[in-house]
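K.L.:
Sequence and predicted model, in that order:
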Number of protein chains: 2
Amino acid sequence: MRDVCVVGVGMSQWGEVWRKSFRQLFVDAASAAIKNSGVDHLDGLYVGCMSGGLFVGQEHLGALCADYLGMAGIPAMRVESACASGGMAIRAAMFEVASGASDIVMAAGVEKMTDCSGDDATYALATAADQEYEVFHGATFPGLYAMMAHAHMAKYGTTRDMLSAVSVKNHKNGAMNPVAQYPFEITMEGVANSVMIADPLHILDCSPITDGAAAVIVCTEEKAKALGKPYVKIIGSGVGTDTLQLCQRADMTTIKASTLAAERALKMAGKTIKDVQFAEMHDCFTIAEIVICESIGLYAPGKAGAAILAGETALDGKFPVNSSGGLKSKGHAVGATGVAQIVEIYKQLTGQAEGGRQIPGSPKIGMAQNMGGSGASSVVHILEVA
Amino acid sequence: MRDVCVVGVGMSQWGEVWRKSFRQLFVDAASAAIKNSGVDHLDGLYVGCMSGGLFVGQEHLGALCADYLGMAGIPAMRVESACASGGMAIRAAMFEVASGASDIVMAAGVEKMTDCSGDDATYALATAADQEYEVFHGATFPGLYAMMAHAHMAKYGTTRDMLSAVSVKNHKNGAMNPVAQYPFEITMEGVANSVMIADPLHILDCSPITDGAAAVIVCTEEKAKALGKPYVKIIGSGVGTDTLQLCQRADMTTIKASTLAAERALKMAGKTIKDVQFAEMHDCFTIAEIVICESIGLYAPGKAGAAILAGETALDGKFPVNSSGGLKSKGHAVGATGVAQIVEIYKQLTGQAEGGRQIPGSPKIGMAQNMGGSGASSVVHILEVA
């Protein structure tokens, strides 16, 4: 397998972007990544998107994006794994380069969610759950994660403050991210007193509905060197899956798909979790970040909440998590999220994180953990400075 | 790049399959492929599907399929390129094996279309066209291909009989295919007198709405040999794209994306079109098969119609096309079609085509040409006996 690098990244604006369409958001991010990397062509394009069909009435997204980027002709396809679609685009692009078939491939993610009504967006998102056994009966994601939160609280004594600490930390980081949807700080009291969505989750425990796109250029090390731009290596890629239905899992206080994905990515990288210095994690809800910290082996089961509350995952903590602001503050354009995580890891590893959110001490190895639905799929990548 | 082989295949029932769900169709095809190949595990799964969201209200299809196959845990993702989704699943699986990351990967395709109303299915299919510039104004696929047919007739004198000959030939082949949706022969008069859909296309010029799934096992040659089953090599894979809008193309009597895809696949294989002995082609409408025969270089522009009418692409002709019955007779479960093409190529190359449709003379090299929308994306694979 050939070594695969990330050599340039781009982001569109993230938020309620009323003046830009699905295709324009993609073009903004893709053009930025092309400019950032200096590449003069693409051998291929992978577009991560959860549901173009339900959000904007558009499928055939690989060809659409190649066309509107002005590159009709290049090989292009879309990949999907609900909210893990972006991470899967990275993986597919990596395999194409690793195989030797191509030298320079773009992995992008895009979702335009606010063109839907709130009800329609909730329905579209719910198609990441089991349509026949969960959605049909009225389950939506706040409800599913609320059940996970209650189970975690009952088993480990996880508290309201621990949940709130995730959100407060991520907003503190996101306040320094120029593309964040909600770039401002919030307080512990603010989270606890915000409107209830699905007990125990308040609205400030939940990531938002977001329009946005992200893109990265994936290439061989030879090409990366020739471009003369900062680059990092993708040293590990792992995917895990689990039952789509939350109720069929042996334990809903852990996300087994993420455990598998992290184990597989670390194995490919020849590393252990102790070698990793920081991570972007899929904090679709505050409880998710706590559960993921435990599922990937960073903390023992039931121990992450207290550690987060104590500041261990803050920007200046021993293992910073979601320096970008995470899904909560940066926003969660579902199909783009996994690619945006790689953008953040790249920026941190190359010392380019803006706004004062650069992690101290020049970290050398970072992890991106992305997942779909209530954790039925997860993809983990490990990146290292070249 | 490591050599990649196909070592086993499976199909579900194709047609209006009221008693089986999306997930069950997948499981039927996937289980058949596992049994056919004798593999004892999968390192990964790619599921081609055009629009789970619009057809059955379900996304997150990789994880869903892994789960219902009883394999929750394995890496899985869905790929999409409208009606070319199946061919893209083959390509992605091929790259994963070629890269060295995995040894045994399943590429599958599935679509459950008849759970929608006719109007809803037409809308879902139309999302393969440009939503903002075509669909919004009422364009649907019969209308887009009808325009291509009129343009081809005006430029080259293509006739009603040439269109009908495609359909008659494909039904003759499909009558011998046990999984075909419409396994019976039709006549030239029958096509010409069938109800008009979009002038000049009658209903017997159009592929049907189909429920169905297909699956193939893709692996290293070492694994294929160890399994002791017949296997073939994937020697070429190419993808091309074009503008999503038909009206933006320089020439609507050719499909440039297929020209690019075929050129790229042939280049990878180190072959020319003259080395290829038979093909499965994407005859979503009769005019499409004529245009594709010309676009991939099998016939000069304007020459395919007469050749098809003369029987050159019949099962006993000099270059058999759509021995399976094609999309017209076998059915067109859109996301599954590209995988079903590989199933047919595999069966023909290994001498396993049932029902009397085995191509005479033991062909050694076959091509599968799959495309999306009005030809904005196309994927071509070339397979050779090992």
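P.N.:
Thanks, I have the structure now. What you see is a predicted model; the values in this text were computed from it and never measured. Numbers count the residues shown, from 1 in each chain, chains lettered A, B, ... in the order given.

K.L.:
For the helix-or-strand element of chain A with minimal mean pLDDT, which outside residues touch it?
P.N.:
Lowest on mean pLDDT, DSSP states H and E among the helices and strands of chain A sits helix A:118-126, with a mean of 90. Under the contact criterion Cβ atoms under 8 Å, 6 or more residues apart in numbering or on different chains, helix A:118-126 has outside partners A:50-51, A:54-55, A:113-114, A:116, A:134-135, A:139-141, A:209, A:334, B:53, B:57. For the C-beta atoms, the positions are set from N, CA and C on the backbone; glycine is no exception.

K.L.:
farthest-separated two in those residues?
P.N.:
A:T114 and A:E134 (24.5 Å; Cβ to Cβ).

K.L.:
Let me see the ranges of the helices in the stretch 201-350 of chain A.
P.N.:
A:221-227, A:256-269, A:286-295, A:304-309, A:326-330, A:334-349 (DSSP state H, counting those that start in this stretch).

K.L.:
before we move on, back to that, may I see the buried residues of the least confident helix or strand of chain A?
P.N.:
By neighbour count on 16 or more other Cβ atoms under 10 Å in any protein chain shown, the buried set for helix A:118-126 is A:A121, A:Y123, A:A124, A:L125, A:A126.

K.L.:
For chain A, which segments are assigned as strands?
P.N.:
Along chain A, counting by DSSP state E, strands occupy A:4-11, A:44-48, A:76-80, A:104-112, A:196-198, A:201-202, A:211-220, A:232-241, A:278-280, A:365-372, A:377-385.

K.L.:
would you turn those into JSON lines with distance to chain B and mean pLDDT?
P.N.:
Shown next, in JSON lines, are the strands of chain A (distance: least, Cβ to the nearest Cβ, whole Å; pLDDT from 0 to 100):
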{"stretch": "strand A:4-11", "distance to chain B": "9", "mean pLDDT": "98"}
{"stretch": "strand A:44-48", "distance to chain B": "8", "mean pLDDT": "98"}
{"stretch": "strand A:76-80", "distance to chain B": "4", "mean pLDDT": "98"}
{"stretch": "strand A:104-112", "distance to chain B": "10", "mean pLDDT": "98"}
{"stretch": "strand A:196-198", "distance to chain B": "20", "mean pLDDT": "97"}
{"stretch": "strand A:201-202", "distance to chain B": "21", "mean pLDDT": "98"}
{"stretch": "strand A:211-220", "distance to chain B": "12", "mean pLDDT": "98"}
{"stretch": "strand A:232-241", "distance to chain B": "4", "mean pLDDT": "98"}
{"stretch": "strand A:278-280", "distance to chain B": "19", "mean pLDDT": "98"}
{"stretch": "strand A:365-372", "distance to chain B": "5", "mean pLDDT": "98"}
{"stretch": "strand A:377-385", "distance to chain B": "4", "mean pLDDT": "98"}
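
K.L.:
Now do stretch A:50-69: distance to the chain's middle.
P.N.:
20 Å (Cα atoms, centre = their mean, to the nearest Å).

K.L.:
cool, stretch A:66-78 as well?
P.N.:
With Cα atoms, centre = their mean, you get 24 Å for stretch A:66-78.

K.L.:
Would you mind listing the buried residues in it?
P.N.:
Under 16+ other Cβ under 10 Å, the buried positions of stretch A:66-78 are A:A66, A:D67, A:Y68, A:L69, A:M71, A:A72, A:I74, A:P75, A:A76, A:M77, A:R78.

K.L.:
So if we follow the domain assignment, how does chain A break up?
P.N.:
Segmentation of chain A into domains, based on automatic domain parsing, reads A:4-117+A:210-227, A:124-205+A:235-385.

K.L.:
among those, which is the most enclosed?
P.N.:
domain A:4-117+A:210-227 (a mean of 25; mean count of other Cβ atoms under 10 Å in any protein chain shown).

K.L.:
Would you mind measuring the gap between the ends of that one?
P.N.:
14 Å (Cα to Cα, to the nearest Å).

K.L.:
same check, this time on stretch A:316-328
P.N.:
Terminal-residue distance, stretch A:316-328 (Cα to Cα): 19 Å.

K.L.:
pLDDT averaged over it, what's the number?
P.N.:
For stretch A:316-328, mean pLDDT is 98.

K.L.:
Reformat the helices of the stretch 201-350 of chain A as CSV; add distance to chain B.
P.N.:
Listed next are the helices of the stretch 201-350 of chain A as CSV, based on distance: least, Cβ to the nearest Cβ, whole Å:
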stretch, distance to chain B
helix A:221-227, 15
helix A:256-269, 6
helix A:286-295, 14
helix A:304-309, 23
helix A:326-330, 17
helix A:334-349, 10
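
K.L.:
Can you add distance to B:G87 and give those back as a markdown table?
P.N.:
Listed next are the helices of the stretch 201-350 of chain A as a markdown table, based on distance: least, Cβ to Cβ, whole Å:
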| stretch | distance to B:G87 |
| --- | --- |
| helix A:221-227 | 27 |
| helix A:256-269 | 27 |
| helix A:286-295 | 35 |
| helix A:304-309 | 43 |
| helix A:326-330 | 33 |
| helix A:334-349 | 22 |
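
K.L.:
Which one of those lies nearest to A:I382?
P.N.:
helix A:256-269 (4.5 Å).
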